[in-house]
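**Q** sequence first, then the predicted structure, then my questions.
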Amino acid sequence: MKVRFLYTIPLLLLLLAMVAGCGRAPLAQHAEGDSLSFRHATLLQVERTDSYTVAEVRDAWRKGSLLRRYVLVPRSSRVPRNLPEGTLLRTPLRRVIVGTSVHAALLAELGCVGNICGLCDTAYLLHEGLRKALAEGYILDMGSSMQPVVERIVSADADALFLSSFENAGHGAVAEAGIPIVECIDYMESSPLGRAEWMRFFGLLMGCEAVADSMFAGVERRYESLRERIKSTKMRPTLMCDRKEGAMWYVPGAESTMGQLYADAGATYLFSHVKGSGSVPLSFEMVYHQAREADVWLLKYGATSDITYRSLSTDFPPYRGFRPWQKKRIYGCNTFRTPFYEEAPFRPDLLLADIAAVLHPQLQPEYRPRYFKPLN
């Protein structure tokens, strides 16, 4: 059953003023309260008071600046006077539109499938619960995350939009729809656990804070336990990753979550010298020079059929010059068949176990691959 919430005219005017004023401003001070401590996430800050909570998302591209400030007021309370500047959210959020299956899958794991009223980029959705809700009409297809159908978004009567943000890029016409946008820049965290800890922020918004805190505590415990075991190994296999896309070969930068995860998995990541917190484009010649003698090649791809050594070399014959192709040490993850993008960002413990099984199989002799499997 749809639950509709209508702001009064004065409150709507207040909300619009807050949205317009929160932009990329310097970090500000608020009324003193109790801080919610984040152990790994560096782009979040949360402070509670008796009547509201202030949650800040720091600007990942402009050090010392604010991307967005949210003022969370419980639905069971009246909106206090003299709130700090920011985007007002009445929590818990009851109806949300989500821009990616990554965040939708996380909300589903937090028990919030029923709160998702719209989802973008549904073509390759793998999560069974979300696919069922989509098929039955409980979740509406909002089109592409890059160009969502604004009319559907407006008519969905959502409390908030969960959208990924990018440097020097706004949200286009969606930003004019008058619906609060939750900026999802968890992917810009520099550590796998830092990104995963964003589930606590989403739990705070959705009213399942205890569930999110407990889930993250388990992820953190398993990740750190395996990382300590990996430290005891002496071997550090050299690692290359991914493949050429068009004219360029994109590799994770040293400050990215994947770059850090490769290090935690006990790899000598051959592009650890490449600076950046996201994917960095390199020429094939640069990759070949750096990685032709690699020990292991991890390859993510999306295809209707699994890549083989033959199809890989047919696609681009110079791949045969890499040692992992010659020694049959390539491990592939078909993201059309494996929920890599729906799970791994917020379950780095699973991904660490998978990569460690490739690099150090003696540590987990009974482990069965979840994502990366040997190419045929």
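**A** Yep, that arrived.

**Q** and the helix ranked longest in the chain, average pLDDT?
**A** Across the chain, the longest stretch assigned as helix under DSSP state H is helix 209-231. Averaging pLDDT along helix 209-231 gives 97.

**Q** okay, now the sheet partners of the next helix or strand after that helix, with direction.
**A** The C-terminal neighbour of helix 209-231 among helices and strands, as given by DSSP states H and E, is strand 238-241. Neighbouring strands of strand 238-241 in its sheet, by DSSP bridges, are strand 268-269 (parallel), strand 296-301 (parallel).

**Q** related to what we said a few turns ago, and the longest helix of the chain, what's buried?
**A** 209, 211-212, 215-216, 219-220, 222-223, 226-227, 230 (16 or more other C-beta atoms under 10 Å). Heads up, the C-betas are built off the backbone N, CA and C, glycines and all.

**Q** among these, which pair sits farthest apart?
**A** For the buried residues of helix 209-231, with distances taken as C-beta to C-beta, the pair at the greatest spread is E209 and I230 (31.4 Å).

**Q** give me the helices and strands touching the longest helix of the chain, please.
**A** Packing partners of helix 209-231 (3 or more C-beta pairs under 8 Å, 6 or more residues apart in numbering; DSSP states H and E): helix 192-196, helix 198-206, helix 257-264, helix 348-359.

**Q** let's go with 6 Å and repeat that
**A** helix 198-206, helix 348-359 (3 or more C-beta pairs under 6 Å, 6 or more residues apart in numbering; DSSP states H and E).

**Q** compute the inter-axis angle for the last one and helix 257-264.
**A** For helix 348-359 against helix 257-264, the angle between stretch directions is 50 degrees (axes from the mean of the first three to the mean of the last three C-alpha atoms, to 10 degrees).

**Q** which residues sit against helix 348-359?
**A** Contacting residues not belonging to helix 348-359 are listed as 192, 196, 219, 222-223, 226, 230, 237, 265-267, 331, 344, 364, 367, 370-372 [C-beta atoms under 6 Å, 6 or more residues apart in numbering].

**Q** got a quick PyMOL command for the buried subset of those residues?
**A** Applied in PyMOL, the following selects the buried portion of these according to 16+ other C-beta under 10 Å:
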select buried, resi 192+196+219+222+223+226+230+237+265+266+267+331+344+370+371+372
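
**Q** which one's the longest strand in this structure?
**A** strand 66-74 (DSSP state E).

**Q** I'd like to know which of the strands paired with strand 238-241 lies nearest to P318.
**A** Ranking the strands paired with strand 238-241 by their distance to P318 (criterion: C-beta to C-beta) puts strand 296-301 first, at 13.5 Å.

**Q** domain parsing for the protein?
**A** What automatic domain parsing lists as the domains of the chain is 9-94+147-217, 233-374.

**Q** export the ones you listed as a markdown table, with columns for distance to R131.
**A** Formatted as a markdown table, those follow (distance: least, C-beta to C-beta, whole Å):
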| stretch | distance to R131 |
| --- | --- |
| domain 9-94+147-217 | 18 |
| domain 233-374 | 11 |
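
**Q** right, and those - which one's nearest G137?
**A** Comparing the domains of the chain by C-beta to C-beta, domain 9-94+147-217 comes nearest, at 12.2 Å.

**Q** CSV for the buried residues of helix 209-231, including distance to G114?
**A** Compiled in CSV, those are given as follows (distance: C-beta to C-beta, whole Å):
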residue, distance to G114
E209, 17
V211, 14
A212, 16
M215, 18
F216, 22
V219, 23
E220, 27
R222, 28
Y223, 29
L226, 34
R227, 35
I230, 39
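
**Q** if you average pLDDT over each of the domains of the chain, which is lowest?
**A** The bottom spot among the domains of the chain, by mean pLDDT, belongs to domain 9-94+147-217, with a mean of 85.

**Q** distance from the chain centre to that one, please.
**A** Centroid displacement of domain 9-94+147-217 relative to its chain, using C-alpha atoms, centre = their mean, to the nearest Å, is 15 Å.

**Q** what do you get for stretch 119-133?
**A** From the chain centre to the centre of stretch 119-133 is a distance of 16 Å (C-alpha atoms, centre = their mean).

**Q** CA-only coordinates of it in CSV, if you can.
**A** Extracted C-alpha coordinates of stretch 119-133, given in CSV (Å, rounded to 0.1, in the frame of the first residue of the first chain):
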residue,chain,number,x,y,z
LEU,A,119,15.2,1.6,-9.4
CYS,A,120,17.5,2.6,-12.4
ASP,A,121,19.6,0.3,-14.6
THR,A,122,17.5,-2.8,-14.1
ALA,A,123,18.5,-4.7,-17.2
TYR,A,124,21.3,-6.7,-15.5
LEU,A,125,19.8,-6.9,-12.1
LEU,A,126,20.6,-10.3,-10.4
HIS,A,127,19.2,-10.0,-6.9
GLU,A,128,16.2,-12.3,-6.7
GLY,A,129,14.2,-10.3,-4.2
LEU,A,130,14.6,-7.1,-6.2
ARG,A,131,13.8,-8.8,-9.5
LYS,A,132,10.6,-10.3,-8.0
ALA,A,133,9.5,-6.9,-6.7
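
**Q** now do that stretch, average pLDDT.
**A** Mean per-residue pLDDT for stretch 119-133: 95.

**Q** which residues touch it?
**A** With contact meaning C-beta under 6 Å, 6+ apart, stretch 119-133 is reached by 98-99, 101, 104-105, 108, 113, 134, 139, 141-142, 145, 148, 339, 342.

**Q** state the distance from the closest residue to G266 other than its chain neighbours to Y371.
**A** For G266, ignoring the flanking residues on the chain, the nearest one in space by C-beta to C-beta, 6 or more residues apart in numbering is I230 at 4.3 Å. From I230 across to Y371, the span is 17 Å (C-beta to C-beta, to the nearest Å).

**Q** please consider this matter closed, and thank you.
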